[in-house]
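Peer 1: My questions concern the predicted model and sequence given below.
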Amino acid sequence: MHEDSQIVSGVEVVPLHDAIGPMGPSLRRPLPETFPGSTPALWERLRAEAPEVFGPDGAWVLRFYCFLVRVPQGPTILVDTGLGPEDSPASSWAPVPGGLIGALSGVGLAPSDIDIVVLTHVHSDHASGAVAGGVPVFGNARHVLQRDELDWLRNGGGAVLDEVVQPLQDAGLLDTITGGERLSDSVAIALTPGHTPGHQSVIVDDHRLVVAGDIVMHPAQLADPSITYIYDEDPVAAAATRIDLLARMRDRDGILAAPHLPQPFVPITRA
Ligand SMILES: [Zn+2]
């Protein structure tokens, strides 16, 4: 077992640190504007409780985690592929290159060991690491994406159609699905829309652990899940998804695995 990992129903979930850095200038806005619905009192509280998400100039400092889900006698699943190479589509706003491949080798795995890549959504900080130099990085993996997400991308959403999704499709590695799918007895994909139209999450043992992509972006949204994010495609749907998912986790004394929070795992408990 890896020291930072969580084990739920025999399934090991390992956080893979891709990067850390402030929100880059191209997307940066004042925090109250970035998170509509947040109050000055909340920001004051968070500065005391979670100083690690504030840079010296007050900018939002994000972590970038991908997650490995290891099913005994089952598939090795990678959830998201991070920022990717130096010339990543994410390079305009995020610290590149991402360190995912190094983190993966730190747990004894090569890219060829991944059986399934689940792309929670096609934003550049989640999908860019799937392709380097036009070539798929995880050459043995089926890459699962929601049909709604692909349609949105083709209609001008996201930013990774030519750089990431097309090369995956050309290599026969892209598998679009509609709605939920079971990946093993205790691991499933669920559609969790709002941040993007076809955003999906990975659910372990009926919400005892959820790898939740960008459902919860910032500690502000743990304090008040109705707080939205300026770059949500549908903020109302995103808030509804967030409130529902957190409630389900709370009922199970669950664990949230989130890419951008200061800690990769957050207990969501009834107490
Ligand atoms: Zn993100």
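Peer 2: Looks like it came in fine.

Peer 1: Residue 155: neighbouring residues, count only.
Peer 2: Look at residue 155: counted by other CB atoms under 10 Å, it has 9 neighbours. Any C-beta I mention is one placed from the backbone N, CA and C, and that applies to glycine too.

Peer 1: how much space between it and residue 233?
Peer 2: Here residue 155 is placed at a distance of 11 Å from residue 233 (CB to CB, to the nearest Å).

Peer 1: and the residue of the stretch 1-150 of the chain at minimum distance from the ion, which of the three is it?
Peer 2: For the stretch 1-150 of the chain, the nearest residue to the ion under the criterion CB to the ion is residue 125, separated by 4.5 Å. Three-state secondary structure (criterion: DSSP: H, G, I helix; E, B strand; the rest coil) places residue 125 in helix.

Peer 1: what sits against the spatially closest residue to residue 115 that is not a sequence neighbour?
Peer 2: Counting by CB to CB, 6 or more residues apart in numbering, residue 75 is the residue found nearest to residue 115 once chain neighbours are left out, at 4.0 Å. With CB atoms under 8 Å, 6 or more residues apart in numbering as the criterion, the residues that contact residue 75 are 115, 116, 183, 184.

Peer 1: Turn these into TSV, including pLDDT, secondary structure and distance to residue 55.
Peer 2: Listed next are the contacts of residue 75 as TSV, based on pLDDT from 0 to 100; DSSP: H, G, I helix; E, B strand; the rest coil; distance: CB to CB, whole Å:
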residue	pLDDT	secondary structure	distance to residue 55
115	98	coil	38
116	98	strand	35
183	98	coil	37
184	97	coil	40
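
Peer 1: So which of those wins on neighbours?
Peer 2: Taking other CB under 10 Å to define a neighbour, the member of the contacts of residue 75 with the most is residue 116, carrying 24 neighbours.

Peer 1: Quickly find the element holding the nearest residue to residue 207 once chain neighbours are set aside.
Peer 2: With CB to CB, 6+ apart as the criterion, residue 207 has its nearest non-adjacent residue at 4.3 Å, and that residue is residue 248. Using DSSP states H and E, residue 248 falls within helix 235-251.

Peer 1: For that helix, what is the distance to the chain centroid?
Peer 2: Distance of helix 235-251 from the chain centroid (CA atoms, centre = their mean, to the nearest Å) equals 15 Å.

Peer 1: State the next helix or strand along the chain beyond that helix.
Peer 2: Following helix 235-251 in sequence order, the next helix or strand is strand 254-257 (DSSP H and E).

Peer 1: Sheet-wise, list the partners of that next one with their directions.
Peer 2: Sheet pairing of strand 254-257 (DSSP bridges) gives strand 209-211 (parallel), strand 265-268 (antiparallel).

Peer 1: Just name the most buried of those strands.
Peer 2: Most buried of these, by mean neighbour count (mean count of other CB atoms under 10 Å): strand 209-211, with a mean of 29.

Peer 1: what's downstream of that strand, the next helix or strand?
Peer 2: helix 219-223.

Peer 1: C-alpha coordinates for the helix holding residue 248, CSV please?
Peer 2: Taking Å, rounded to 0.1, in the frame of the first residue of the first chain, the C-alpha atoms of helix 235-251 are listed here in CSV:
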residue,chain,number,x,y,z
PRO,A,235,-23.4,26.7,-12.4
VAL,A,236,-26.9,25.8,-11.3
ALA,A,237,-26.5,22.2,-12.4
ALA,A,238,-23.0,22.1,-10.9
ALA,A,239,-24.2,23.2,-7.5
ALA,A,240,-27.0,20.6,-7.6
THR,A,241,-24.6,17.9,-8.5
ARG,A,242,-22.2,19.0,-5.7
ILE,A,243,-24.9,19.1,-3.1
ASP,A,244,-26.2,15.7,-4.1
LEU,A,245,-22.8,14.0,-4.2
LEU,A,246,-21.7,15.4,-0.9
ALA,A,247,-24.9,14.3,0.7
ARG,A,248,-24.4,10.8,-0.6
MET,A,249,-20.9,10.7,0.7
ARG,A,250,-22.0,12.0,4.1
ASP,A,251,-24.5,9.2,4.3
